[in-house]
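Visitor: all I have is the shape, not the residue letters:
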């Protein structure tokens with residue numbers, strides 16, 4: 001069986017030199033728009049075409065834009081405090097870091113930024129160490145599980161649960177359609193074009 005990865009035509013590289021395949025979501029969107037056609041969407045008077053009705057989201061963007069959980073908030077404050085301590089100690093070229101070991105759990109530390117720079121002075125993204133993933137089991141290794149267990153155990157506080165209850169499980173979500181910003185903009189453009 002042969003096939004092509006969606007988006008593989010437009011390969012690019014991340015700062016660490018790893019190949020990234022761009023455009024997979026857009027390629028899937030084009031396939032859906034072609035197969036579903038415009039009629040379904042225009043017949044409901046909500047979209048001028050299938051292309052305008054189908055939109056893509058990148059999971060990474062959602063993750064980065066999501067509400068920080070208790071673990072994130074706690075260690076963000078700790079790292080910020082550590083960064084201020086480094087500045088007051090005149091350690092300007094240092095980075096506050098969050099370290100983890102099975103013996104000590106999470107601890108704050110710092111590292112000289114020059115240790116992370118390549119010969120041209122750039123700092124590149126680092127890959128997760130292979131010891132954290134078990135390729136045969138297709139899941140985190142025992143070490144990876146031990147690392148993540150510390151995060152999962154106290155990751156969510158009561159305020160996080162309250163936010164989920166009031167936002168995600170809001171009963172109004174059952175009766176109100178998802179309001180796409182793209183759709184609102186499209187309606188405003190259509191209104192301006194008609195006037």
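Guide: Sure thing, it's come through. Predicted model only: the values in this text are computed from it and were never measured.
Visitor: next structured bit after the one helix or strand in the chain whose mean pLDDT sits lowest?
Guide: Every helix and strand of the chain was ranked by mean pLDDT, DSSP states H and E. The lowest is helix 59-65, at a mean of 55. Next helix or strand after helix 59-65 toward the C-terminus (DSSP states H and E): helix 70-88.
Visitor: which other residues reach the following helix or strand past that next one?
Guide: Sequence-wise, the next helix or strand downstream of helix 70-88 (DSSP H and E) is strand 94-101. By CB atoms under 8 Å, 6 or more residues apart in numbering, the surrounding residues in contact with strand 94-101 are 75, 78-80, 82-83, 86, 106-113, 116, 147, 150. No exception for glycine: its C-beta is placed from N, CA and C like everyone else's.
Visitor: so how far is strand 94-101 from its chain's centroid?
Guide: Strand 94-101 has its C-alpha centroid displaced from the chain centroid by 21 Å (CA atoms, centre = their mean, to the nearest Å).
Visitor: please apply the same query to stretch 142-158.
Guide: Its chain's average C-alpha position is 18 Å from that of stretch 142-158, according to CA atoms, centre = their mean.
Visitor: what of stretch 99-110?
Guide: 24 Å.
Visitor: same question, stretch 128-139
Guide: 20 Å.
Visitor: in it, which residues are buried?
Guide: Buried residues in stretch 128-139, counted by 16 or more other CB atoms under 10 Å: none are found.
Visitor: from start to finish, how long is that stretch in a straight line?
Guide: 13 Å (CA to CA, to the nearest Å).
Visitor: which ones are touching the residue nearest to residue 159 when sequence neighbours are not counted?
Guide: Nearest non-adjacent residue to residue 159, counting by CB to CB, 6 or more residues apart in numbering: residue 70, 7.6 Å away. Residue 70 makes contact with 154, 155, 156, 157, 159, 160 under the criterion CB under 8 Å, 6+ apart.
Visitor: where does pLDDT dip in this protein?
Guide: The chain contains residues with pLDDT under 70 at 1-24, 45, 57-66, 177-182.
Visitor: which residues in it form helices?
Guide: 24-36, 39-42, 50-53, 59-65, 70-88, 142-153, 158-167, 172-175, 181-194 (DSSP state H).
Visitor: how many neighbours does the closest residue to residue 34 other than its chain neighbours have?
Guide: For residue 34, the nearest residue in space outside its immediate sequence neighbours is residue 50; the separation is 7.9 Å by CB to CB, 6+ apart. For residue 50, the neighbour count with other CB atoms under 10 Å is 20.
Visitor: what does residue 96 give?
Guide: 19.
Visitor: could you find the closest non-adjacent residue to it?
Guide: Among residues not flanking residue 96 along the chain, residue 82 sits closest, at 3.9 Å (CB to CB, 6+ apart).
Visitor: OK, contacts around the one you found?
Guide: Residues in contact with residue 82 (CB under 8 Å, 6+ apart) are 96, 108, 110.
Visitor: fine by me, thanks again.
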